[in-house]
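In: Dropping a prediction and its sequence here:
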Amino acid sequence: MQIIEWSSDFALGIAEIDDQHRALVGMINALDASTHADYSAEGMRKMLDELNAYVRDHFAFEERLMAGGGCTQELVTRHTAEHAYFRSVLRDLTADFERGYAGITVTLIEYLVHWLLHHIVVVDRAMSQQLNAADPELAARVAAALATTMVDDLTDSERHLLNELRRANEQLERLVHERTKALNERNGKLEAELGEARAEVQRLRLQLAGRGVAG
Ligand SMILES: [Fe+2]
């Protein structure tokens, strides 16, 4: 039995963030499972390290999204503060575990679960609503990232987002190219027809002139 069951109620409509939240839920479930069975200090340390790294990257991803514009300063401040708080909880927890001061208890895991779910449905949801309302800005920010060294620092999810954007741009360019080509072909055909019509007029004029001369 898992301590959290992922539900569509937690989905925010930004695919990358939903995927990352689902991964976080999976990691917390794995942490919980390891307190019941197959416990090993080494395995637990590995999980905590992974969770710390994942949380750091995930929060950084959300903060970069907000930095692109579209969110109120009030929300940015609150959101960033909540992230800092949770990072410090995880850091302390990991440090205590490494010093052998505390085990990972069910109560502690329940706390992580409640914090995460509350954060997702309140603060992350507010962020996604504000970002979705300002979608063109988000798209512009992602597009701008294509041209900067930021690309080197991107997470896999951001890279995925950029690849999607690149694909969409390429498709658009292909479409414009095809339409231009079709228009050029049509223009070429019209010019050829016009050329033929001019030649015909010229031929008729010559014929008339010939008759005039003959008559
Ligand atoms: Fe968040």
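Out: The structure has been received and is ready for your questions.
In: Next, Thr105: phi, psi?
Out: Backbone dihedrals for Thr105, given as degrees, to the nearest 10, come out at phi -100, psi 160.
In: Can you get me a residue count around it?
Out: If you count neighbours by other Cβ atoms under 10 Å, Thr105 ends up with 10. C-beta coordinates here come from the backbone N, C-alpha and C atoms, glycine included.
In: Return the residues in contact with it.
Out: Thr35 (Cβ atoms under 8 Å, 6 or more residues apart in numbering).
In: Show the pLDDT at it.
Out: pLDDT, Thr105: 79.
In: and it, how far is that from the ion?
Out: Taking Cβ to the ion, to the nearest Å as the criterion, Thr105 is separated from the ion by 25 Å.
In: Domain-wise, how is this protein divided?
Out: Each structural domain of the chain that the record assigns through automatic domain parsing is listed here as a residue range: 8-134, 155-215.
In: what comes up buried for the helix or strand that His114 is a member of?
Out: Following DSSP states H and E, the helix or strand that holds His114 is helix 106-119. Neighbour-count burial for helix 106-119, with 16 or more other Cβ atoms under 10 Å as criterion, is recorded at Leu108, Ile109, Leu112, Val113, Leu116, Leu117, His119.
In: was I right about the fourth one contacting Ile28?
Out: Yes: using Cβ atoms under 8 Å, Val113 is in contact with Ile28, at 5.9 Å.
In: Now for those two: what residues contact both?
Out: By Cβ under 8 Å, 6+ apart, the residues touching both Val113 and Ile28 are Ile3, Ile4.
In: any low-confidence regions in the protein?
Out: Within the chain, the stretches falling below the threshold (pLDDT under 70) are 102, 134-184, 187, 212-215.
In: Show me what from the chain comes close to the ion.
Out: Listed as neighbours of the ion in the chain under the rule Cβ under 5 Å from the ion: Glu62, Asp124.
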